[in-house]
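> structure for this input, please:
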Amino acid sequence: MMTQYSLKKGLKVFGEEGEKAVTKELGQFHDMSVFTPMDPTKLTKQERAAALASLIFLKQKKDGTVKARTCADGRKQRESTAEEEAASPTVSMESIFMSCVIEASEGRGVRVIDLPGAFLHADCPDHVIMRFHCRLAELMVLAAPQIYRKYITTDAKGEPVLFVKLQKALYGMLKSALLFYKNLLTDLVAQGFTVNPYDPCVVTKTVRGTQMTICWHVDDLKLSHKREIELKRMEDWLRSIYGNISVSRGDRHTYLGMDLDYSEKGKCKVSMEGYTKEIIDSFPEVIRGTSATPAADHLFKTRENGKKLPEEQAAAFHRTTAQLLFLGGRARRDIQTAVAFLTTRVKVPDEDDWGKLKRVLKYLNGTMDMGLHLSVENLGIVRWYVDASYATHEDCKGHTGAMMTLGGGAAISISRKQKTNARSSTEAELIGVYDALPSILHARYFLEALGYKVNQNVVYQDNKSSITLEKHGRAIGSKRTKHIKVRYFFIKDVIEQGEVEIEHCPTKMMWSDILTKPKQGREFVEMRAKLLGHDVDERQNKAKLMRDKSRTNSVTPRDDSLRSPRRCVGGHAETIEAEVPAKRHKKGLARKLHVEVRSRAGKGRLLEPHKQLVMGLTRGVRAVAE
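Sure, this is the predicted structure:
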């Protein structure tokens, strides 16, 4: 991870290279007329007090060069800036994934473009004063001495100060992102693009009979079209406005922290292996070993008297959970259920929560190369699998899980705790559909706005009672369903309007069940394959190879002593003996391997995991003997 330094610390670390980077950055600001110097004697006391502080940060890039980034400290603007003026729209992740799967299915060419210094191309309409202080003021003067030197003044401590009026939307100003968004959107509309009414950061245009789509998140753009020449023309147009843009071409791109791979025909593979490794490496504890699943069956269980984590460890828990939330909403949808629970524990986490977090990291450690594979069977058929678990959380609230697929892999998935309690599994399923309905409708409207006719928008459920209620509403209700709020029957109106179809699905084929509760074994593997768009057998063969490699590289147990493995299951403990032949000093000796096991009933029964453990240790000792 690259460390970012303040100006004072950065100049100490990087020395002359750091000073050159700062001078270059400030020189670019001067060349682009980002601000004009102000005569300090003509500023009022209020203007001086309201002046924004200038901040500059330095970091070393992967190629070894030092990069400086200047921004304004816009905190003073919060009181005088309306909330709607301080927020800029960004493309939704749902739109990103739906556009990716369309690009793969149509064989489009893709470009990922970064607009350097994008905000500086938007004018600042307000009267905003910024202040350069101390060393930064001196370096600004060095950028153009003949212009800035005469405007230098000193503060009460005798340190140099330079006041400037901002002419451009500098990073850090509360309105900068919105000003740039409006500027870019105006330029795109002038080029004939149409804004998608269901995502303000997605525009489309028909070029030579086929669609060009542009999505953007602040200054990071993703373009797609079937003809390379049209993408090249779009590149040139953006370059004419924003200068030396950064362009990614070919089948593989990095966009918004994700690695997008279009090399396989009809598929978009999304992975975040580097980010996953970064999460594991930055965790306070060393993560050793792997886990077959991200969560055990007791994921939702908590203890009121659990030992709370110290402040520093709790902060690490919060940080890592936030990182996993970012990862789970993108390439690793298979950890969403575990992360959804962990997010409910960030305020006061305990040692049990820490263990559950470590299990997720162990699971990721063993599946680092896994990602999301998206493909299309029919763009006219949208399939949703919506499920809910009843009273799974400690406060007896349920958990909603939903996934949308256009063929292979979930382009959209949801895993979240329900906000209200349900009296039955039927009601929990009804709440689940209501939770997912905004995404269900948005996906349809978004695809239709792109020009794709949705012939079927199917919602699959495995609870026939909830399906009956959704189709008929309160008309067939009884005393047990009378209390259910009318808003949960909004789905009935949507069905009648023909925007959604409800169909029954067997529980074994309810693929979103993995998003409602922790799964284990073969069931987890099969549902994960549907969620991520993998082939079950191919993935299992790869996992087997990894296990075999792990066994080959495993450490041979010591011959002189073996410690008894312990696992607390509750109840009483007993000792199990296994006869292990061993050779010592060329004499055949029999040695007993003692393994202490705890069983719930304390009746002398050996639990299956412990049988396997004893057998494994026995084989290990035999290998040493031979």
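> let me see the ranges of the helices in the stretch 401-550 of the chain.
Using DSSP state H, counting those that start in this stretch, the helices of the stretch 401-550 of the chain run over residues 425-449, 464-472, 490-496, 521-532, 536-552.
> quick one: the second one to chain centroid distance?
The gap between the average C-alpha position of helix 464-472 and the chain average comes to 34 Å, counting by CA atoms, centre = their mean, to the nearest Å.
> contacting residues around Glu394?
Residues near Glu394 by CB atoms under 8 Å, 6 or more residues apart in numbering: Phe300, Lys301, Thr302. (Each C-beta comes from the backbone N, C-alpha and C, glycine too.)
> likewise for Lys165?
Phe35, Thr36, Met38, His127, Val128, Ile129, Met130 are the contacts of Lys165 under CB under 8 Å, 6+ apart.
> coming back round to it: return the most buried member of the helices of the stretch 401-550 of the chain.
With neighbours defined as mean count of other CB atoms under 10 Å, these peak in mean count at helix 425-449, which reaches a mean of 21.
> pull the distance from that one to the chain's centre.
21 Å.
> angle of it against helix 464-472?
50 degrees (axes from the mean of the first three to the mean of the last three CA atoms, to 10 degrees).
> that older thread, so which of the contacts of Lys165 sit within strands?
Using DSSP state E, the members of the contacts of Lys165 that fall in strands are Phe35, Thr36, Ile129, Met130.
> just the buried residues of the residues you listed.
Taking 16 or more other CB atoms under 10 Å as the criterion, what is buried in the ones in strands among the contacts of Lys165 is Phe35, Ile129, Met130.
> which one of those residues sits closest to Ala402?
Within these, proximity to Ala402 (CB to CB) peaks at Met130, which comes in at 46.9 Å.
> spatially nearest residue to the closest one, not counting backbone neighbours?
Leu52 (4.7 Å; CB to CB, 6 or more residues apart in numbering).
> next one: Leu324
Closest to Leu324 by CB to CB, 6+ apart is Val339, at 4.8 Å.
> tell me what the helix or strand hosting that neighbour is packed against?
Element membership of Val339, judged by DSSP states H and E, is helix 336-342. Applying 3 or more CB pairs under 8 Å, 6 or more residues apart in numbering; DSSP states H and E, one finds that helix 336-342 makes contact with helix 311-328, helix 351-366, strand 397-405, strand 412-421.
> bridging residues for Lys165?
Lys165 forms beta bridges with Thr36, Ile129, as assigned by DSSP bridges.
> against Thr70, how distant is it?
The spacing between Lys165 and Thr70, counted by CB to CB, to the nearest Å, is 16 Å.
> then Asp123?
Asp123 is 18 Å from Thr70, by CB to CB.
> cool, and Glu79?
From Glu79 to Thr70 the distance is 24 Å (CB to CB).
> try Thr276
In terms of CB to CB, Thr276 sits 32 Å off from Thr70.
> tell me where the model's unsure across the stretch 51-200 of the chain.
Scanning the stretch 51-200 of the chain for pLDDT under 70 picks out no residues.
> for it, which segments are assigned as strands?
52-60, 66-72, 109-114, 129-133, 153-154, 160-166, 194-196, 199-207 (DSSP state E, counting those that start in this stretch).
> now render those strands as JSON lines, adding distance to Gly366.
What follows is these, written out as JSON lines (distance: least, CB to CB, whole Å):
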{"stretch": "strand 52-60", "distance to Gly366": "32"}
{"stretch": "strand 66-72", "distance to Gly366": "36"}
{"stretch": "strand 109-114", "distance to Gly366": "30"}
{"stretch": "strand 129-133", "distance to Gly366": "50"}
{"stretch": "strand 153-154", "distance to Gly366": "61"}
{"stretch": "strand 160-166", "distance to Gly366": "51"}
{"stretch": "strand 194-196", "distance to Gly366": "39"}
{"stretch": "strand 199-207", "distance to Gly366": "36"}
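> and Glu230, which of those strands is closest to it?
strand 199-207 (5.0 Å).
> tell me the angle that closest one makes with helix 425-449.
40 degrees.
> strand partners of strand 199-207, parallel vs antiparallel please.
strand 194-196 (antiparallel), strand 210-217 (antiparallel).
> ok, then the element right after the longest one?
With elements assigned by DSSP H and E, the helix or strand that comes after strand 210-217 is strand 220-225.
> just how off-centre is that next one within its chain?
Distance, centroid of strand 220-225 to centroid of chain: 20 Å (CA atoms, centre = their mean).
> repeat for stretch 378-392
Relative to its parent chain, stretch 378-392 has a centroid offset of 21 Å by CA atoms, centre = their mean.
> ok, now stretch 316-330?
7 Å.
> pull the CA atoms of it into CSV?
Extracted in CSV, the C-alpha atoms of stretch 316-330 (Å, rounded to 0.1, in the frame of the first residue of the first chain):
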residue,chain,number,x,y,z
ALA,A,316,-9.4,-2.5,12.9
PHE,A,317,-12.6,-4.6,12.9
HIS,A,318,-14.6,-1.7,11.5
ARG,A,319,-12.0,-0.9,8.9
THR,A,320,-11.7,-4.5,7.6
THR,A,321,-15.5,-5.0,7.6
ALA,A,322,-15.8,-1.8,5.5
GLN,A,323,-13.2,-3.2,3.1
LEU,A,324,-15.1,-6.5,2.9
LEU,A,325,-18.3,-4.6,2.2
PHE,A,326,-16.7,-3.0,-0.8
LEU,A,327,-15.4,-6.3,-2.0
GLY,A,328,-18.6,-8.2,-1.4
GLY,A,329,-20.7,-5.8,-3.4
ARG,A,330,-18.5,-6.3,-6.4
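> sort out which residues of it are buried, please.
Taking 16+ other CB under 10 Å as the criterion, stretch 316-330 shows 316-318, 320-321, 323-330 as buried.
> thanks again, I'm all set now.
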